[in-house]
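> Need a 3D model of the sequence below.
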Amino acid sequence: MRFQTPLVPATLIRRYKRFLADIRLEDGREVVAHCANPGSMMGLADEGMRIWVEPNDDPKKKLKYGWRLVEHADGNFTGVDTSVPNRALRAALLAHEVAGLSYDNVRPEVKYGESSRVDFLLETAGAPDLYFEVKSATLMRQAGLAEFPDSVTARGLKHLQELQRVVAQGHRAMLFYLVQRTDAVSVSVAADIDPAYAAGFAAARAAGVEVMAVDCKISPDEISLGRVLPVL
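Reported below is the predicted structural model:
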């Protein structure tokens, strides 16, 4: 998935009100950028970080920059836009680029369970439907280990429970972690941050909910799917 507009580098001043960030562009101007990430962004929102933002000239948008990437001191990148996983995954699923998943129909945002919507419902003749839920993993507290979640997520727990129910009804269900980092080698649940989610994850996996994690190739030009990572 290529960015619509070439990204430009900036320095983070501060992130606030969840969706806003003060940034300093290379020419010295200080502007407000949109931050498309409702999570805590632990380790990704420290003052002085080098970031990459996407400019826009859309008259309907109040903010003219969107924060897309963090560039770490070692040259690795993390994608912070939580809308990227669904867009990237839809394209990859339609192109049959996700290992082991070849479905004819990819339906986004399908209602299921108790007032929930699954990210994708995958359908093909002669096979059970696959309910496919996507999560963006960006937290890293230990070198090489990506974690999810970075804050308590009641919504994430609900999704696990809904996936467990559809497995009981005879369908397939998969929890897919898209690791928006270039420095991860494995993935784990952050049980100390959200014990309830960790328990729900264990229960769902034991009940037959499938789990897959894939990292990303990231640059200021594009984000694409990379390698399958082990889920610990």
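> From the chain's centroid, how far away is stretch 224-232?
13 Å (CA atoms, centre = their mean, to the nearest Å).
> residue ranges for the helices of this structure, please.
For the chain, applying DSSP state H gives helices covering 84-94, 154-168, 195-206.
> List the buried residues in the longest one.
Within helix 154-168, the residues scored as buried using 16 or more other CB atoms under 10 Å are 156, 157, 159, 160, 161, 162, 163, 164, 165, 166, 167. Any C-beta I mention is one placed from the backbone N, CA and C, and that applies to glycine too.
> now that helix and helix 195-206, what's the angle there?
Taking axes from the mean of the first three to the mean of the last three CA atoms, to 10 degrees, one finds helix 154-168 and helix 195-206 inclined to each other by 20 degrees.
> what sits up against helix 154-168?
For helix 154-168, the external contacting residues (CB atoms under 8 Å, 6 or more residues apart in numbering) are 112-114, 116, 118, 131, 133, 135, 148-149, 173-175, 194, 196-197, 200-201, 203-204, 207-209.
> what mean pLDDT does stretch 75-93 have?
When pLDDT is averaged along stretch 75-93, the result is 92.
> oh, I was asking about stretch 168-180
For stretch 168-180, the per-residue pLDDT averages 95.
> quick one: that stretch to chain centroid distance?
Remark: stretch 168-180 is offset 14 Å from the chain centroid, using CA atoms, centre = their mean.
> Only C-alpha atoms, please: export that stretch in CSV.
The C-alpha trace of stretch 168-180 is given here as CSV (Å, rounded to 0.1, in the frame of the first residue of the first chain):
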residue,chain,number,x,y,z
ALA,A,168,-18.9,-23.1,18.2
GLN,A,169,-21.4,-22.5,15.3
GLY,A,170,-19.2,-24.4,12.9
HIS,A,171,-17.4,-21.6,11.2
ARG,A,172,-13.7,-20.7,11.1
ALA,A,173,-12.5,-17.6,13.0
MET,A,174,-9.1,-16.0,12.9
LEU,A,175,-7.5,-13.2,14.9
PHE,A,176,-4.9,-11.6,12.7
TYR,A,177,-2.2,-9.4,14.2
LEU,A,178,-0.6,-7.0,11.7
VAL,A,179,2.7,-6.0,13.3
GLN,A,180,3.4,-2.5,12.0
